[in-house]
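In: missing the sequence, but the structure's below:
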């Protein structure tokens, strides 16, 4: 299944290459809901919140309220109260990344509190990876950890994982299917794959692994406009 992505920055929907270079921006963010309406899920990521330079609060609220599909929201979720507030806005699930780690290790104290406050089924853990290592704080800091090393430890606290290959994010250079296969062997929980996905063949290959495909650039560029939603 394809999951369209709306990444927010300065009140616009953007696509960044490898998390840094701006490659595309859309002013009519709410108009994307009509474009993506046939899909079952939508990802909304507040990049400004992730980078600690403000929030796109009203846009996030409107997207959650108006979306005709289920919505996952991520970006800058550092407290249980913030996660609860997003659910109150209408988010079906929240995506937590940086806060899932502390001191280079899994932050079990925070994740336990999050699980208690929201229940496990509402929590997705983001395992964004640069050069094989988990990247946090808006992809600006790398940990000495690989996703497969921590998945088992994280499983009790979440409903699944959002695994982004940042090295390929926004490039439409093709998905690293070998990497995603290795992640599939590390956990039985659902995995949403992201990073470089550009073709129907890759989406189908990920589906055979039991993974959904979170896609931004290829959808905005019209590469996958004829692909069925499910």
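Out: Looks like it came in fine. Computed from a prediction, not measured in an experiment: that's the story for all the values here.
In: Residue 180 - nearest residue in space that isn't next to it in sequence?
Out: Nearest residue to residue 180, sequence neighbours excluded (C-beta to C-beta, 6 or more residues apart in numbering): residue 193, at 5.2 Å. Where you see a C-beta, it was placed from the backbone N, CA and C, and this is true even at glycine.
In: neighbouring strands for the host helix or strand of the one you found, and are they parallel or not?
Out: Assessed by DSSP states H and E, residue 193 sits inside strand 191-194. Taking DSSP bridges as the criterion, strand 191-194 sits next to strand 160-165 (parallel), strand 211-215 (parallel) in its sheet.
In: can you list contacts of the helix or strand just after the longest one?
Out: In other words, strand 160-165. Where DSSP H and E defines the elements, the next helix or strand beyond strand 160-165 is helix 177-186. Outside helix 177-186, the residues that touch it by C-beta atoms under 8 Å, 6 or more residues apart in numbering are 147-148, 151-152, 161, 163, 165, 191, 193, 202, 205-206, 209-211.
In: What does the residue nearest to residue 159 when sequence neighbours are not counted show for phi and psi?
Out: Spatial nearest neighbour of residue 159, chain neighbours left out: residue 121 (4.9 Å); criterion: C-beta to C-beta, 6+ apart. Backbone torsions of residue 121, given as degrees, to the nearest 10, read phi -60, psi -20.
In: does residue 193 have beta-bridge partners, and which?
Out: Beta-bridge partners of residue 193, counted by DSSP bridges, are residue 163, residue 213.
In: And it, what's its pLDDT?
Out: pLDDT for residue 193: 97.
In: cool, residue 227 as well?
Out: Residue 227 carries a pLDDT score of 42 in this model.
In: can you pull out the helices in this structure?
Out: Applying DSSP state H to the chain gives helices spanning 32-35, 47-50, 57-66, 80-89, 108-118, 147-154, 177-186, 200-208, 217-220.
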